[in-house]
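> Here is a sequence together with a model predicted from it:
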Amino acid sequence: MEEFDRVPIDIQSTNNPSLSPSSSSNGHTLTISPGMTQYWTPHCEDEIRPAVDMIFKTLDAGIEFYKHYASKVGFDTRSSSVVTARDGTKIQKQIVCNREGFKNTGAQHCHSQSSADAGDGPSRPKRRRVSNRTGCRARNMFKYIGAAGYQVTTFIEKHNHNMSSVLARQFLKGNRNISSVHQKFILDCAKANIGAPKSHGLYSQIVGDYSEVGATVVDFKNVRRDLRAYILGADAQILMSRLFWANPMSKKNFAAFGDVVSFDATYSTNRYDLVFTPFTGVDNHKKCITFGAGLLLKEDIEFYVWLFEKFKKAMGMEPRIIVTDQDPAMKVAIPTVFKQARHRYCMWHIMCKVWEKVGPTLNKDEEFRNKLNSIVWTSSLEPPDFEKQWRELMEKYNLVEYNWFKTMFEARKHWIPAYFRDGFMGGLLRITSRSESENYTYNRFTGPQSSLVEFMMNFDSALKSQHNTNAKLNSDNEGYNPDMKTPLGIEKHASIVYTITVFYQVQEEICASCFKCMVLSVREDGGLLHYDIMDGKNKRFTVVHNVNDHEAKCSCKMFEMVGLLCRHIFVVFRDLERIPLKYVVNRWTKDASLKATFEIDGVIYNQNGPKDEKKMLLNKVWSDIHCCMDLAGSNMEQLPAFSQVINEQKQLLLSGKDKLSPQHSRRTVIESYCGSTEISEINILPPKHAKNKGIDKRIKSSKELAMEKEEGKRCNFCGVRGDHHDTRTCPLNPKSKDKQKGKKNA
């Protein structure tokens, strides 16, 4: 080692030794040797600076002391040589500056280059790496001295590189500590599918600034990496040890709202490409609600039969109607399992295929499109009327011999509303849009890289979010007082029994009965009154009214399909103060929603599962702490006292338990997250990657292929395609921006 000259220069900045000399407690001293080598000696308080002959009770305590010193003055450390006795006692340990030594990258580069030049083939591209090694000799050596502990025998304070600046010190490894608090926060964010960058930003907002987080985004990512490494291989076994198909909340929801179920498959929710198949319904707020879900390796009859049987067994009953797409396997599996439920096809999927089947000429025929839509989508036609109008349309446009239209007509009882007029449809569920809407919700909580354990955690978070939305809507319904639009007592009664969303629909029907409906004639037949009523759409409907029993039945059959009275019945019920109870369907009422807490077989449940006393107490503690922080944070006189109390409790808790190593602490948090200890023997292997119709490269229809060849998007107003042509710029659209701009200029 070179001798140093006797002219030290004190500087505050660590970036440029040519700055004006100055002294600072957080700076360093620059010393130049006779050989013109620069050395930096850090400045710090004497209490944190190591010194030769210092004694520590344990080696860990000595190492921690040196690391703390390094983090304060601006450099990182790493473990170096260790001498161990035969009994395993470490008798000598050396901790060095992390810039000790050199990276020998030149020789490797020359070897790979020579191999490529020698004709061994192209060398594999390597990541460009920079090295911070400078051969720094700064170090601290500990020696075991028996019962007294470990003594510092060597302490080299000078470095051959400058110290990290004050702003850069937050990124030193010594100042980055992923504690159990960090880990729990990261994994809690993972349950909500919040990635490392966003969770890192969120944590910075909680603690006040990025510099106070104590970790980088990469550190946050590494926690997720460790979680997936822990799960790897044991993914399926961990899941199966925890999976519970139908929780009490799902069963309760199905009992209240399971009359109509929408079933659809979605993809790209897990790393194995298993098909996610949720069962979706509509609650009393007309919001989507999930009854259960499955993960399938294949979309065939056998797998669907198994899934439907498990669902039926878990729920204890069948739905009245189940809505799906035209999947061939579902067509066979549903009637095999559900003996009483009616299977309905999604109308949207069917109607999307019409314009591909009829060809370009009929596709542009507005008269044909309007006539077909008026026959198919309406719910006011009886089956004989539909069949008559369908045949007339097929004959008029020469579609009688088209096989696709023949097939759709033969399957009419599965998708045409005319054949569901006597069946309850829970809000006219004609399509699987409810399922597709829920699939979008699930995709916000999970992704294609999720393991099965992560997927189920995320799915659980999605259900909790759904339950929270339902709870908020229930809260909004308590004591609400909507504006009345008529003086009728029956409207006031509707506001009392129905949820807000449903009441507004009922209110619209009541108003229409007053202002849009007209009684054309009334006749009596067998003690029943027959009303001929014309509504605002110039359509005639007949209401049969039993005055004595307050019974009424309308030819529009809205009550049979939706469970709500139509405007035509409200015409004859106008003088009633209350809706007859027989016409108040429980699923649309406020009371249909589940209570926050309920009991099944002696076990108390809430919306998130069994009532957990420990979790409830933890939530209360968190609430109290946040409240105290909020109150003390604005009062500088109270804040130090509160900080002291918290710190005393922290030290008390730490003293009562053995200190865990970072690796053990992280494993403990991950085990708590997964709900399973590390599995030594794996008996259930993760599934193979599934290959189904909705995964990877599915077969595209001719319509999709044709659309891909065309350039530009289609204008929804005129149908023309163009790069800069849409409804906002369409010259034929009177509401386009160009039209409005022209009006302003004029």
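Received, thanks. Residues are numbered from 1 along each chain as shown.

> Please tell me I have it right and Thr469 contacts Cys288.
No: contact between Thr469 and Cys288 fails when scored by C-beta atoms under 8 Å: they sit 9.3 Å apart. For glycine as for every other residue, the C-beta is placed from the backbone atoms N, C-alpha and C.

> Compare these two (neighbour count), which wins?
Cys288 (19 against 16; other C-beta atoms under 10 Å).

> Can you point out the buried residues in stretch 478-490?
Neighbour counts over stretch 478-490 (16 or more other C-beta atoms under 10 Å) mark Thr486, Leu488, Ile490 as buried.

> Number of residues surrounding the residue lying closest to the first one once chain neighbours are set aside?
Of all residues beyond its chain neighbours, the one nearest Thr486 is Cys514 (5.7 Å), with distances taken as C-beta to C-beta, 6 or more residues apart in numbering. Other residues lying near Cys514 total 16 when counted by other C-beta under 10 Å.

> same question for whichever strand or helix holds Cys514, mean pLDDT?
Applying DSSP states H and E as the criterion places Cys514 in helix 500-515. Helix 500-515 carries an average pLDDT of 94.

> Isn't Thr77 up against Ala70?
Yes: using C-beta under 8 Å, Thr77 is in contact with Ala70, at 4.9 Å.

> buried set for the biggest helix by length in the chain?
The longest helix of the chain (DSSP state H) is helix 452-477. The neighbour-count check on helix 452-477 (16+ other C-beta under 10 Å) flags 452-459, 461-464, 466-467, 469-470, 473-474, 477 as buried.

> Quick check: what element follows whichever strand or helix holds Cys352 along the chain?
For Cys352, the element it lies in under DSSP H and E is helix 347-357. As assigned by DSSP H and E, the chain's next helix or strand after helix 347-357 is helix 359-363.

> how distant is the next helix or strand after the helix holding Cys514 from the center of its chain?
Heading C-terminal from helix 500-515, the first helix or strand you meet, by DSSP H and E, is strand 518-525. In terms of C-alpha atoms, centre = their mean, to the nearest Å, the centre of strand 518-525 is found 56 Å from the chain centre.

> Strand 518-525 pairs with which strands, parallel or anti?
strand 528-534 (antiparallel) (DSSP bridges).

> Give me the contacts around the strand it pairs with.
517-524, 540-547, 568, 571-572 (C-beta atoms under 8 Å, 6 or more residues apart in numbering).

> go with 6 Å
517-523, 540-546, 568, 571-572 (C-beta atoms under 6 Å, 6 or more residues apart in numbering).

> same question, stretch 379-396
Lys371, Ile375, Val400, Pro417, Ala418, Tyr419.

> Could you rerun that using 10 Å?
Here stretch 379-396 makes contact (C-beta atoms under 10 Å, 6 or more residues apart in numbering) with 367-368, 371-372, 374-376, 378, 399-402, 405-406, 408-409, 412-413, 416-421, 425, 428, 430, 537, 539, 541, 555-558, 561-562.

> same deal with stretch 359-367?
Here stretch 359-367 has contacts from 354-358, 368-369, 371-372, 396-399, 703, 706, 719, using C-beta under 10 Å, 6+ apart.

> Just the buried ones among those, please.
Val354, Val358, Phe368, Lys371, Leu372, Tyr397, Leu399.

> What residues sit buried inside stretch 254-264?
Phe254, Ala256, Phe257, Gly258, Asp259, Val260, Val261, Ser262, Phe263, Asp264.

> among those, which one has the lowest pLDDT?
Where pLDDT dips furthest among the buried residues of stretch 254-264: Asp264, at 82.

> one step back: neighbour count: Thr77 and Ala70, which is higher?
Between Thr77 and Ala70, counting by other C-beta under 10 Å, Ala70 is the more crowded of the two (26 against 23).

> right, and the helix or strand after the worst-scoring helix or strand of the chain on mean pLDDT?
In the chain, no helix or strand scores lower on mean pLDDT, DSSP states H and E than strand 9-11, which sits at a mean of 38. The first helix or strand that comes after strand 9-11 along the chain, using DSSP H and E, is strand 28-32.

> got the angle for the helix or strand following that following strand vs strand 28-32?
Toward the C-terminus, strand 28-32 is succeeded by strand 38-42 as the next helix or strand (DSSP H and E). Using axes from the mean of the first three to the mean of the last three C-alpha atoms, to 10 degrees, the direction of strand 38-42 lies 160 degrees away from that of strand 28-32.
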